[in-house]
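Participant: have a look; sequence and predicted model below, questions after that.
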Amino acid sequence: MRIHIYPIVSSLHDHSTIDRQTEMLLQELAQSGGFDVKIADLDSLYEADLALILVQSGGSEGVFLRLMDRFLPPFYLLTYGFNNSLAASMEILSFLKDRGEKAEILHGSSAYIAARIKELASRTSMDPVKLGIIGKPSDWLIASAVDKKKCKAILNIDLIDIEMSELIDGFNKASAADFHTSSNLEYDLRELKASQKVSLSLDKLIEKYDLKGLTIRCFDLLDTIHTTGCLGLSLLNKKGIPAACEGDVPALLSMYLLFQITGQPGFQANPSRIDVEKNELVFAHCTLPINMADSYRLTTHFESGIGVAIKGEMKLTDITIFKLSHDLDRYYVEEGKIIENLNEANLCRTQIRIGLPDVRCFLTSPFGNHHIIVYGSWKQKLKDYLDKLI
């Protein structure tokens, strides 16, 4: 287990004495905890299982404020019992709590602090993964920006930017010999082949960058290669590779976390209508994972009328709706039930009406437009998992 520590100190104190005290503290922690503890700079602070801010002296509060934008929550303040380290930490902690930040002081015997470090590191550690952003988020996703450093620090996920030109180049190089038309994907052959070429190009990018999931600025495909990514994204989700459309990074992270908990693909969909009196919503989108459909057919993409999209009939059963906020500090999760499949001309192709305990939050405090729907009742398990992370 790797623990990185960044020290802050007032210029008024004897640094040589403080450095000796710090060295002693780190040695005691390493011995008590059996983990690797080292001083890190700001650029590498979060490249570890847990990052701590060592408050070395009183008067460090101003130093913390100047550097605060370089630190990522949750804030763990390591202290010792001299140089007014604890007093300064308490002032910093009060400031952070007033701002609604998650923060804690680590203070006491080396055995206690080491045990608490192990507990915190085990709560926040996830296996490192890479998720791809092909192109960039769509222009209309104005409330969906994700801080990549924060994503790495909290979720241990690297968000990898990939140029759209790579996908298009792979599309242009794909050969008809690389794929075949499955008997259960009957559709216009020219459109189907174009869509499958997108799917092949996505597969190659996943292999090249060792991705565990991706999102694509899919509307750019309409003008450049005159097809859609809906089928490719659907098939990736079927294979257990979370894949979101429109370059929506919070949606991708939500899909990935859902898959880690449930082992199931998720349906990324827009709320299209909300009935507050009945506590019902209509969700719709064109990328339903094929293995979430009781039955389906291929049709055109809703907005463009070209390419390939999935018109699916979903099970009338219990579901969980989930969305992680773009700042990674909050989430929405609720259980409900699919009441009806719809077939309306003015909505994206797969359309479902869902009943929930209360829908008003979608009108007062939503986390963007896309939400992820998965079969089954997973609310408590998701809460137990996420409350350890964020």
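Facilitator: Great, that's in hand.

Participant: and residue 181, what pLDDT?
Facilitator: pLDDT, residue 181: 48.

Participant: thinking residue 50 is in contact with residue 4, fair?
Facilitator: Yes - with contact defined as Cβ atoms under 8 Å, residue 50 and residue 4 form a contacting pair (7.5 Å). Every C-beta, even on glycine, is put in place using the N, C-alpha and C of the backbone.

Participant: and those two? which has more neighbours close in?
Facilitator: Between residue 50 and residue 4, counted using other Cβ atoms under 10 Å, residue 50 has the larger neighbour count: 24 against 19.

Participant: so who does the nearest residue to the more buried one once chain neighbours are set aside touch?
Facilitator: Of all residues not flanking residue 50 in the chain, residue 121 sits nearest, at 4.2 Å (Cβ to Cβ, 6 or more residues apart in numbering). Residue 121 is in contact with 1, 3, 35, 49, 50, counting by Cβ atoms under 8 Å, 6 or more residues apart in numbering.

Participant: which regions of the stretch 1-150 of the chain sit below the pLDDT cut-off?
Facilitator: For the stretch 1-150 of the chain, applying pLDDT under 70 flags the ranges 13-15, 123-126.

Participant: show me where it has its strands.
Facilitator: Secondary structure of the stretch 1-150 of the chain, counting by DSSP state E, counting those that start in this stretch: strands at 2-8, 36-39, 50-55, 75-78, 103-106, 129-134.

Participant: what's the most buried one of those?
Facilitator: strand 50-55 (a mean of 25; mean count of other Cβ atoms under 10 Å).

Participant: show me what that strand is packed against.
Facilitator: strand 2-8, strand 75-78, helix 85-98, helix 110-124 (3 or more Cβ pairs under 8 Å, 6 or more residues apart in numbering; DSSP states H and E).

Participant: rerun that using 6 Å as the cut-off
Facilitator: strand 2-8, strand 75-78, helix 85-98 (3 or more Cβ pairs under 6 Å, 6 or more residues apart in numbering; DSSP states H and E).

Participant: and this structure, what are its domains?
Facilitator: As recorded under automatic domain parsing, the domains making up the chain are 2-124, 129-386.

Participant: out of these, indicate the one that is most buried.
Facilitator: domain 129-386 comes out most buried of these by mean count of other Cβ under 10 Å, with a mean of 19.

Participant: distance between the ends of that one?
Facilitator: Start and end residues of domain 129-386 are separated by 17 Å (Cα to Cα, to the nearest Å).

Participant: any idea how far that domain is from the middle of the chain?
Facilitator: Per Cα atoms, centre = their mean, to the nearest Å, the displacement of domain 129-386 from the mean C-alpha position of its chain is 13 Å.

Participant: what do you get for stretch 63-77?
Facilitator: The answer for stretch 63-77 is 22 Å, by Cα atoms, centre = their mean.

Participant: and if you look at stretch 29-44?
Facilitator: For stretch 29-44, the distance to the chain centre is 27 Å (Cα atoms, centre = their mean).

Participant: how long is it from one end to the other?
Facilitator: 20 Å.

Participant: what's it in contact with?
Facilitator: 1, 2, 3, 4, 5, 26, 70, 110, 111, 114, 117 (Cβ atoms under 6 Å, 6 or more residues apart in numbering).

Participant: same thing but 8 Å
Facilitator: By Cβ under 8 Å, 6+ apart, stretch 29-44 touches 1-7, 22, 26, 47-49, 51, 67, 70, 110-111, 113-115, 117-118, 121.

Participant: swap in stretch 72-89?
Facilitator: Contacts for stretch 72-89 (Cβ under 8 Å, 6+ apart): 5, 10, 13, 18, 21, 25, 46, 50-61, 92-93, 96, 101-107, 113, 120, 147, 149-150, 153-154, 329.

Participant: how is residue 311 assigned, secondary-structure-wise?
Facilitator: strand (DSSP: H, G, I helix; E, B strand; the rest coil).

Participant: now the nearest residue to residue 118 once chain neighbours are set aside: how far from residue 26?
Facilitator: Among residues not flanking residue 118 along the chain, residue 33 sits closest, at 6.0 Å (Cβ to Cβ, 6+ apart). Here the criterion is Cβ to Cβ, to the nearest Å. By it, residue 33 lies 11 Å from residue 26.

Participant: doesn't residue 162 make contact with residue 130?
Facilitator: No - Residue 130 is beyond contact range of residue 162, at 10.3 Å (criterion: Cβ under 8 Å).

Participant: and for these two, which residues touch both?
Facilitator: By Cβ under 8 Å, 6+ apart, the residues touching both residue 130 and residue 162 are residue 209.

Participant: quick one: residue 21 from residue 196, how far?
Facilitator: For residue 21, the distance to residue 196 - Cβ to Cβ - is 64 Å.

Participant: can you list the weak-confidence ranges in the stretch 201-350 of the chain?
Facilitator: Going by pLDDT under 70, which is the cut-off in play, the stretch 201-350 of the chain has no low-confidence ranges.

Participant: quick one: the helices in it, in order.
Facilitator: Applying DSSP state H, counting those that start in this stretch to the stretch 201-350 of the chain gives helices spanning 220-224, 230-238, 249-262.

Participant: for the residue nearest to residue 258 when sequence neighbours are not counted, what are its contacts?
Facilitator: Among residues not flanking residue 258 along the chain, residue 266 sits closest, at 4.8 Å (Cβ to Cβ, 6+ apart). By Cβ under 8 Å, 6+ apart, the contact set of residue 266 is 237, 242, 254, 255, 258, 259, 289, 322, 372, 373, 374.
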